[in-house]
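# heads up, no residue letters with this:
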């Protein structure tokens, strides 16, 4: 492919390849592209392209409690579950990647299992479990449920980050007399900052967008934004959804920029 | 003594994680398993009732068909994109990755909303067709199998691109040069070098996408019709509408077993590559 630039046959193939790829890119981005103009449309109709443009939908979104409360709940749950996932995930991911011990595979396997287990199974189970111990429908139950689904991602990202660190620095610090905890806080954590930022960002967005677990755990006064959207989309679609979608899209653009920026600063792969 | 200090430090680093594993992640699975054996007429009655019900059988068939079709479709589309990305210079590739990462990060609810606008009876596609043909076209594109497959494929493509791209980038470019020096045409190079060497990424991508689509819940509920509901939706139906928890749990266990058939080879495949 490198040496055949001038060959007309391979040029034709590469043209076909790029055209097909462009079609797929358009297909992938179409949903994102549609929501932005819709968000500035009229309040009484869902039409594309909108007949009139205004900020009315955003005004409704930011003045009605039926949208503001779910946004507030989602933010609260996302902040607490991200903090919890980092608190639980960072030390354990470090220890798991540096040491062998009894039960390591069991703990790691259990914590990573929500990645592959269909979420509906975890959702139904956690709904039974939390109802049984009497915290069903509370904000705490949502935070713990989201911790379960965000933790595996945090752990994988931190494990990948730790594996790139130079272990000799850690040995050096311990030889010079630093206690393991002191060493972890002053030698390991500062080097992990890029991984910590991307893990925190990932966990926050994952929790903020989480639908299924919240669908089982949300009580009448702890409705999260995705649950509110899911309910709306299942019954009657209100145009305000367009404004919410545009805001969420802005959030995902930010996520992309952070991911790509961190990738450039550390030279690591995005995936 | 050194060992006891080490153990103390270890418990400090590991105990929150162990607590979450034993206190939050495991109990839900145990509850589902336990509840599935709590049917009215004996421990296995919920399973028997479910396996004998036509609704379950239809839903199981739909789940398998939709999961297979959408995995294959997303593999084809994802492969096209991965090939295109693999041929770009590293800088251009980073820029183009944005086009994959943005849909990857986009909320599934935003996508479902957008597809109801694009595919609806008076949606963008039907409007375009009406304008182009001059006839009152009202193709049913959403709340049926078509809408479901479009939504699922759109959701899965970014997940296929990443592993396939990784294995395409791992191919030594000397192989391409050797093949073309030896006189192989581009098509032959594609089928005898590119495709075989990308198999690890294809298998990894296909398995993970298939497992993920077995558990699809939001997309069938919002873009599929009543006949396109999948096993997750059936679990929700028995839990929320019928209030029959043993049946909801037994469907969950069956779904989990079905997913495990593919999770286990996926885990082994990953381990072999590491």
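Structure received. Every value quoted in this text rests on a predicted model; they were computed, and no experiment measured them. Numbers count the residues shown, from 1 in each chain, chains lettered A, B, ... in the order given.

# Would you quantify the distance from the residue of the stretch 151-274 of chain B found nearest chain A to residue B:236?
Proximity of the stretch 151-274 of chain B to chain A (C-beta to the nearest C-beta) peaks at residue B:215, 2.8 Å away. Backbone N, C-alpha and C define where each C-beta goes, glycine included. Per C-beta to C-beta, to the nearest Å, residue B:215 is found 12 Å from residue B:236.

# So for those two, which sits in the more crowded spot?
residue B:215 (26 against 21; other C-beta atoms under 10 Å in any protein chain shown).

# dump the residue contacts of that one.
Contacts for residue B:215 (C-beta atoms under 8 Å, 6 or more residues apart in numbering or on different chains) come out as A:118, A:119, A:120, A:121, B:231, B:232, B:255, B:259.

# now, the most widely separated pair of these?
Farthest pair in these (C-beta to C-beta) is A:119 and B:231. Separation: 12.1 Å.

# So those two - more neighbours on which side?
The neighbour count for residue A:119 versus residue B:231, taken as other C-beta under 10 Å, is higher for residue B:231 (28 against 22).

# list the helices and strands the helix or strand in which residue B:66 is found packs on?
Per DSSP states H and E, residue B:66 falls inside helix B:54-87. In terms of contacts (3 or more C-beta pairs under 8 Å, 6 or more residues apart in numbering or on different chains; DSSP states H and E), helix B:54-87 is packed against helix A:8-39, helix B:90-105, helix B:145-169, helix B:199-214, helix B:231-240.

# Dump those helices into TSV; add distance to residue A:182 as well.
Listed next are these as TSV, based on distance: least, C-beta to C-beta, whole Å:
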stretch	distance to residue A:182
helix A:8-39	46
helix B:90-105	37
helix B:145-169	38
helix B:199-214	40
helix B:231-240	47
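
# Output the ones you listed as JSON lines; include the columns distance to residue A:222 and mean pLDDT.
Below are those laid out as JSON lines (distance: least, C-beta to C-beta, whole Å; pLDDT from 0 to 100):
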{"stretch": "helix A:8-39", "distance to residue A:222": "26", "mean pLDDT": "90"}
{"stretch": "helix B:90-105", "distance to residue A:222": "25", "mean pLDDT": "90"}
{"stretch": "helix B:145-169", "distance to residue A:222": "27", "mean pLDDT": "95"}
{"stretch": "helix B:199-214", "distance to residue A:222": "27", "mean pLDDT": "93"}
{"stretch": "helix B:231-240", "distance to residue A:222": "17", "mean pLDDT": "96"}
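
# and of the ones you listed, who's closest to residue A:185?
Nearest to residue A:185, of all the helices and strands packed on helix B:54-87, is helix B:90-105, at 31.4 Å by C-beta to C-beta.

# now check the very next helix or strand once past that closest one, is it near chain A?
Using DSSP H and E, the helix or strand that directly follows helix B:90-105 along the chain is helix B:108-119. Yes - with C-beta under 8 Å from any C-beta of the partner chain as the measure, helix B:108-119 is seen reaching chain A through B:108, B:109, B:110, B:111, B:112, B:113, B:114, B:115, B:116, B:117, B:118.

# Give me the neighbour count for the first one.
What it means is residue B:108. Residues within reach of residue B:108, counting by other C-beta under 10 Å, total 22.

# tell me the contacts of it?
A:209, A:211, B:155, B:218, B:219.

# What of the second one?
By C-beta under 8 Å, 6+ apart, the contact set of residue B:109 is A:209, A:211, A:226, A:229, A:230, A:233, A:245, A:248, B:218, B:222.

# again with the fifth one
With contacts taken as C-beta under 8 Å, 6+ apart, residue B:112 has the following neighbours: A:233, B:151, B:218, B:219, B:222, B:223.

# three-state assignment of the nearest residue to residue B:203 once chain neighbours are set aside?
Nearest residue to residue B:203 in three dimensions, chain neighbours excluded: residue B:269, at 6.3 Å (C-beta to C-beta, 6 or more residues apart in numbering or on different chains). Assigned by DSSP: H, G, I helix; E, B strand; the rest coil, the conformation of residue B:269 is helix.

# Tell me how many other residues crowd residue B:269.
Neighbours around residue B:269, by other C-beta under 10 Å: 13.

# again with residue B:101
Other residues lying near residue B:101 total 23 when counted by other C-beta under 10 Å.

# for residue A:42, same thing?
Using other C-beta under 10 Å, residue A:42 is surrounded by 15 other residues.

# And for residue A:105, the neighbour number?
The tally of other residues near residue A:105 (other C-beta under 10 Å) stands at 11.

# Wait, a helix at it?
Yes - counting by three-state DSSP, residue A:105 is found in a helix.

# Can you give me the pLDDT of it?
We have a pLDDT of 92 for residue A:105.

# before we move on, the earlier item: which ones among the contacts of residue B:108 map onto helices?
A:209, B:155, B:218, B:219 (DSSP state H).

# Just name whatever secondary elements the host helix or strand of residue A:155 is in contact with.
Using DSSP H and E, residue A:155 falls within helix A:139-163. If you count contacts as 3+ C-beta pairs under 8 Å, 6+ apart, helix A:139-163 packs onto helix A:65-98, helix A:104-112, helix A:119-132, helix A:193-209, helix A:212-217, helix B:2-20.

# Quick check: buried residues in the fourth one?
Buried residues in helix A:193-209, counting neighbours by 16 or more other C-beta atoms under 10 Å in any protein chain shown, are found at A:194-196, A:198-209.

# that older thread, what is the nearest of the residues of helix B:108-119 next to chain A to chain A?
Of all these, residue B:114 has the smallest distance to chain A: 3.4 Å, by C-beta to the nearest C-beta.

# In contact with the closest one, which residues?
Residues in contact with residue B:114 (C-beta under 8 Å, 6+ apart) are A:30, A:31, A:32, A:34, A:35, A:245.

# Of these - the most surrounded one?
Neighbour counts for the contacts of residue B:114, by other C-beta under 10 Å, peak at residue A:245, which reaches 27 neighbours.

# Now do that residue against residue B:123, distance only.
In terms of C-beta to C-beta, residue A:245 sits 15 Å off from residue B:123.

# same deal with residue B:117?
Counting by C-beta to C-beta - residue B:117 and residue B:123 are separated by 6 Å.

# what touches both of the two?
Joint contacts of residue B:117 and residue B:123 (C-beta under 8 Å, 6+ apart) are residue A:48.

# if we can go back for a sec, give me the subset of the contacts of residue B:114 touching chain B.
Within the contacts of residue B:114, those near chain B by C-beta under 8 Å from any C-beta are A:30, A:31, A:32, A:34, A:35, A:245.

# now, which of these sits nearest chain B?
Scanning the ones next to chain B among the contacts of residue B:114 for proximity to chain B, where the rule is C-beta to the nearest C-beta, the winner is residue A:31, at 3.4 Å.

# Tell me how far the closest one lies from residue B:20.
34 Å.

# Could you do residue A:220 as well?
28 Å.

# now do residue B:207
Counting by C-beta to C-beta - residue B:207 and residue B:20 are separated by 27 Å.

# follow-up on the earlier one: any buried residues in the helix holding residue A:155, and which?
Of the residues in helix A:139-163, A:139, A:141-159, A:161-162 count as buried by neighbour count, 16+ other C-beta under 10 Å.

# hmm, who's touching stretch A:222-234?
Under the contact criterion C-beta under 8 Å, 6+ apart, stretch A:222-234 has outside partners A:66-67, A:69-71, A:73-74, A:77, A:137-139, A:142, A:208-211, A:214-215, A:218, A:238, A:241, A:244, B:107, B:109, B:112-113, B:116, B:218, B:221-222.
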